[in-house]
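> got a sequence here, can you build the structure:
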Amino acid sequence: MNNLLYMIFGPLHKDSCIYFLLLSIFFFSLLFFTFMIEIVYLFRNIKSLSIRHFFNAFLISFNLLLGYFVNRLLYTMCSKSLI
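All right, here's what the predicted structure looks like:
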């Protein structure tokens, strides 16, 4: 019974940290593409932009940056703590 519980709830191997690395790469690439799309949109629609558009772009970028940072932090913690 203890062996089953340890298998289900025990610590994972260091290879499992790749999950956080992949998520961090995913969020960084989304952040990069969002910046590129926003720059193109800014130059194409410079006359019709409002403060609401800038606020929305900031919130989206901040959420992506936060997702990147959290997953990078979790990857670092995971890879340093598991042997």
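
> got the contact list for Pro11?
By CB atoms under 8 Å, 6 or more residues apart in numbering, Pro11 lies in contact with Leu82. The way it works is simple: take the backbone N, C-alpha and C, and place the C-beta from them, glycine included.

> so it: helix, strand or coil?
Classification of Pro11 using DSSP: H, G, I helix; E, B strand; the rest coil returns coil.

> which stretches of this protein form helices?
Taking DSSP state H, the helices of the chain run over residues 2-9, 18-44, 51-81.

> turn those helices into TSV, columns for mean neighbour count.
Converted to TSV, those look like this (neighbours: other CB atoms under 10 Å):
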stretch	mean neighbour count
helix 2-9	8
helix 18-44	14
helix 51-81	14
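
> can you lay out those as a markdown table showing mean pLDDT?
Formatted as a markdown table, the helices of the chain follow (pLDDT from 0 to 100):
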| stretch | mean pLDDT |
| --- | --- |
| helix 2-9 | 84 |
| helix 18-44 | 95 |
| helix 51-81 | 94 |
